[in-house]
Structures are given as structure tokens and as C-alpha cells.
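J.: 3D model of this:
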Amino acid sequence: MLQSRLLTWRCVNIARQRFSSSTRMISYGPCQTPALSFCVDRLREIETFVAKRYWKIDAQVKLPDGSKAELKWRVPTNDTVIDTRNKREGVYEEGATFSQQAAKELIGRAKAADVVVKEVTRTSESIKPPVGLNTVALLEAGSKAMGMSPKSVMSIAEKLYSAGFISYPRTETTRYDPNGFDARSLLREHCSSKEWGKCASYLLRTRKTNKPPNRGKDCGDHPPITPLKAANRGNVGGGAAWRVYEYVVRNFLGSLHNDLQITRTKALLALSDSDEAEFDIELVTVDSLGFADACRWVLRDVGAVQGKVDRDLLQEGQRLKLEKVGIEEKETMPPRFLQEYELIRLMDLNRIGTDASMAVHVSNIVDRGYVILCDETGVMLRPPRPPSQRKNNLPRQVGRYMVPTPLGSNLLELFGHEEDATETESPALLSHPSIRRQMEQEVKEIAMENIEKEFCLNKNLEWFEKRYTELEESLTYERVGQFGMGLRSSNDYLRYLAKLGAFEPKVKLPNKGNQRKPTQGNKHGGVKKHKANSHKHKKGTNKGRAIYKAKK
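T.: All right, here's what the predicted structure looks like:
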């Protein structure tokens, strides 16, 4: 790693002396470039996406307890609309159809009728607690839930470790040591906490054994990330450090807790003038909190109803009033850009980088200008600021989307990158995740003494040398010229992507801070008119003072 850095710096210095002091190096890395390829693959999906019109039914019903709930239209299978926006396989847009006629017919009937409950089914479910926390899970949570970059999360975790608040934060293991892990002593540390003391005390009282749950995966490295001592906001420094520490503690408590027990109540409903069920409604009620007592965000993920709800709220034969029913014409949308946590997940799945280096690779493709970070509306993320320096009139930014720049996408064009590369010898494979995955597998084989280290090393060096030679020969003046012509400013590029529907529309907020107060003495609240040319001479200047006296 150090030799590679020194070589890069030497090449940059020589290029700056020969060409310009502002010369930048465009780099390749066996981890960084495949990571970039995931972002570029999503960009190509967005650019080639073809929108289709569809119609969505929006219906709301009043429940027996007076609350309101959304109804889902049971769309015929051949007319369902796949959720292309969130890129979830097998998931459909609720209450949406490509058949305008079917949607309008339903609306016409629904406006003159109520709905009747035809069938009610109740299913009990147990959701398992989380396993021990490893580095990848911490980085994903930091980016997704805390709004921090993986590199920032890793930096904070290392500081918390150095201060003795948490265990070593670089690990792939999610299983606690059944013999050496003392759960009870760690729980005692947190019994006095104002935030989660009750949860820790309950676990200490109810756990019959000191042994941890026999779940997760032992990768043979460091144990899962756990809190080593209790702390409050002030102890850890507040802000981002507290959010990381709190997540580590809550995941630890949740991993030792019981299952979350829920009941899913699903009711099929028909319009009062029909016997065929055309709507359904689902209510999720909590029977036993279990690990959700520590990990409250899980209740939102499973769609649990807030507050106490009667499990028998819906009964067959009930007649319910439709509070709202309408139809909306829409278009399918291209998938969103990858977020940081999704990229981390893909890198882990394809074995690109290690738990110690993933955050650095993600940071590198941003720092080197191959990707820019934007919120869901396509606005570049503002740098983090302390609360005292934040501007109140700026909207909150949601999401950390990785948008490839023209430099990043054109760089992969030079490699001839293809998402579904099938050739075994091609420069395009330099940017493909399969090569890094193969190298990681070979390292495992070496560790298991199935193949010789020298053989594997020589084979990979020879393969990369051939690919570099092929790449160099393919870089004609014409191709390099096309690369340069494709570069443009990030703002122009973001506007282009917004026209493709890659981002959510911006919501205009009322600007209360710029409202001008009425000038004193003007009963209509208008602005007082000044005499002509009064702005030319200030009263405080010598010339202005002389003219002012002369006029008097």
C-alpha cells in the first residue's frame, strides 16, 4: 500500500512539473474501480429507463375505533405495476394498474358504496433479535440511519475504542464467544443508564445463563463490537459520537433479548354492491416487544401500529365507511442511485475490500471526483456543521446517494466496462467485481493450503500485466479525445439527470425569514419612499455632510 502511494505521488509530481501545477492523477484500484462500477451500472439503468403510464387508486377507510387506514386495491395479476423506483425484486406498486379502464370502473362503483369485511386472517410471527454487530453492519447503519459517511463512522468508532467505550470496531464476526463472553458483567454496567437502564436490568433479571445466544458467524478474527463501559452524551462528546455509541449499545442489548412477537391481521374487503373482494387491509400489532424494547426502529420497519390496538378490531361482516377514494395518473420512475450503505452491502457481498478498508474505498471514489454525494432531490450534500453554525432556513437533506460524475462514468468507458462481462481475458474485466472476488477466494485457498502462494501470485501478476497492455493499446487518440469531450460541470450533469427523473421533486418551503417588516410611520405597511438621488451621498461622508448642511 505504501509503495503504491509513493509511486502515485512521484508520477503526479513529474506530471505537474512537465504540464501544469493543477494536474490530477486518474487512478485505478482493484477495489476502488469495481466499487465505482456498481454506481455506474445504476447510472446506465437510469439513462436507458423507459417510463410507462399507470393509474393508482388512493382509498382510505374509517375503522370501528374511529382511526383511519389505507386500503390496498387487489389489482389483477396481469395489470400489476412493478416498483421500479426502489429496485426491489418481486415488489409491486400498491393499488396501481396499467389499465386505465379498470381503475376508472372501480372508482365509479366505489364512490357510491361502502366496503364490507369478507374475510379476516390472523397470523402470529416471531422476529429474531439481531446478531452481534460487525463492521459492515455498523457502517450500513451509520450511513442509512445516522446520515454519516462510512469513513466518518469508522473514525468515530476508532476514537470510542481508543477511549475504552467500545470493543475493537474492525471485525467480520457476528457470533459471541460461548466461553469467554461475560454478558452479565456488561449488562450491570448499563443498569443505571437513563436511556436503556430498564432494558439492561430486565435482561439481568430474566437471563438464566451467562452464555450468549448461539447465533451469528465466527470468522476467526475479533469478537463482535460491544460497549465496554456505560457512558452518557457528555462522556463520549455528544453529537455523532453519541449516535454511534448509542447504536452499539442498543444493538448489543437487542442481541441478548427475546424474539419480537407480532400478529398480522389481514382483512379482505368488498364493495357493498359486490361479493368479490377488491381491497385488503393489514394491521400489525405487537404482542411482546422483545428486542424491540432496545431497537425501537424495528417497529417502524415491520409496520407496527402505534399505541394499543385491539387484535379483534376487524370482524367478518363489518360495514366500513370509505373516507376517501380517488385515482391518480402517474408514470413509472427509474431506479434511484445507490446509497452509501447499499454500496457497502454490495462490496461485502462481492468480497471487494475488507472490513478495515471498505470505508476508505467508498471515500476514495468521492474524494477523487468519480462520484458526488447528493440528497434525494439531487442537491449536493452540504458539509456537516456544528448546530451553532447551521442555517435554519435550509431544508433537511435526506439520503446519501452516490451519483457518478462524467469523470467517473467516462473512466469506466475507457475500460470498456460491461455489467455482465462474460469474457475471461479483456481489459473490461479490470473494472468488474468478479476479478476481486476471485482473488479473495484464492487467498482463502492459500490459507487452507490448497494452492501455492507463489503460483497464485505469479498467475495474477501475469493476468494483470496482460490486461494493462491491452488497455494501453486500446487507448487511441480518438478514444482519449472522446473521454475529454464527455467531461462537463457537475451542476449541468445533475440538471440532466433530474430531467431523466433520477431524483425526487423539490418541495418549496415558505421562506418566513425574508418577510420584510412594515416600516414605522407607514400605516399601510409599505416601504417609505426616499427623495430622488438620496442614495448618492451618505450623511456620514464629508461631501454628503456639506450638501446636507447646505440644503438645511
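
J.: drop to CA atoms for contacts and neighbour counts, all remaining ones
T.: OK.

J.: quick check, distance from stretch 290-302 to the centre of its chain.
T.: Here the centre of stretch 290-302 is set off from its chain's centre by 19 Å, with CA atoms, centre = their mean, to the nearest Å.

J.: next one: stretch 426-443
T.: Put simply, stretch 426-443 sits 26 Å off its chain's centre (CA atoms, centre = their mean).

J.: State the mean pLDDT of it.
T.: Averaging pLDDT along stretch 426-443 yields 83.

J.: And stretch 40-47, by the same measure?
T.: Per-residue pLDDT over stretch 40-47 has a mean of 93.

J.: again with stretch 452-472
T.: In this model, stretch 452-472 has an average pLDDT of 88.

J.: For the remainder of this discussion, apply numbering that starts at 74.
T.: That works, and once the first residue is 74, the last one we named lands at stretch 525-545.

J.: buried set for it?
T.: In terms of neighbour count (16 or more other CA atoms under 10 Å), stretch 525-545 has its buried residues at 540, 543-544.

J.: mind listing the helices for the stretch 474-623 of the chain?
T.: Under the criterion DSSP state H, counting those that start in this stretch, the stretch 474-623 of the chain carries helices at the ranges 479-488, 506-520, 526-547, 550-558, 563-572, 615-624.

J.: Could you point out which of these sits nearest Leu276?
T.: Across these, Leu276 has its closest neighbour in helix 506-520 (39.0 Å, CA to CA).

J.: What is the closest one packed up against?
T.: With contacts taken as 3 or more CA pairs under 8 Å, 6 or more residues apart in numbering; DSSP states H and E, helix 506-520 sits against helix 105-120.

J.: Out of the buried residues of stretch 525-545, the closest to Val123 would be?
T.: When the buried residues of stretch 525-545 are compared for distance to Val123 (CA to CA), Leu544 wins out at 33.0 Å.

J.: Pull up the gap between that closest one and Thr157, please.
T.: 35 Å (CA to CA, to the nearest Å).

J.: what do you get for Gln555?
T.: Gln555 sits 32 Å away from Thr157, going by CA to CA.

J.: if you count what's nearby, which of these two comes out ahead?
T.: Using other CA atoms under 10 Å, the more surrounded residue of Gln555 and Thr157 is Thr157, with 18 against 14.

J.: how close does the more buried one get to Arg117?
T.: 14 Å.

J.: One more: Glu515?
T.: As judged by CA to CA, Glu515 and Arg117 stand 31 Å apart.

J.: out of those two, which sits in the more crowded spot?
T.: Between Glu515 and Arg117, Glu515 has the larger neighbour count (other CA under 10 Å), namely 18 against 12.

J.: and the more buried one, what does it touch?
T.: Neighbouring residues of Glu515 by CA atoms under 8 Å, 6 or more residues apart in numbering: 524, 529.

J.: rerun at 7 Å
T.: Residues near Glu515 by CA atoms under 7 Å, 6 or more residues apart in numbering: none.

J.: One more: Pro300?
T.: 238-240, 321-322.

J.: Next up, phi/psi of it, please.
T.: When quoted as degrees, to the nearest 10, the phi and psi of Pro300 stand at phi -80, psi 140.

J.: ok, so what distance separates the closest residue to it other than its chain neighbours from Tyr320?
T.: Once flanking residues are discounted, Pro300 sits nearest to Ile239: 4.2 Å by CA to CA, 6 or more residues apart in numbering. Applying CA to CA, the value for Ile239 to Tyr320 is 11 Å.

J.: quick one: pLDDT of the spatially closest residue to Ala230 that is not a sequence neighbour?
T.: Nearest non-adjacent residue to Ala230, counting by CA to CA, 6+ apart: Pro242, 6.2 Å away. Listed pLDDT for Pro242 reads 93.

J.: Please, which helix or strand holds Pro242?
T.: Using DSSP states H and E, no element contains Pro242; it sits outside every helix and strand.

J.: Which residues are in contact with it?
T.: Pro242 touches 208, 230-231, 298, counting by CA under 7 Å, 6+ apart.

J.: Next, find the distance separating it from Arg424.
T.: Taking CA to CA, one finds Pro242 at 19 Å from Arg424.
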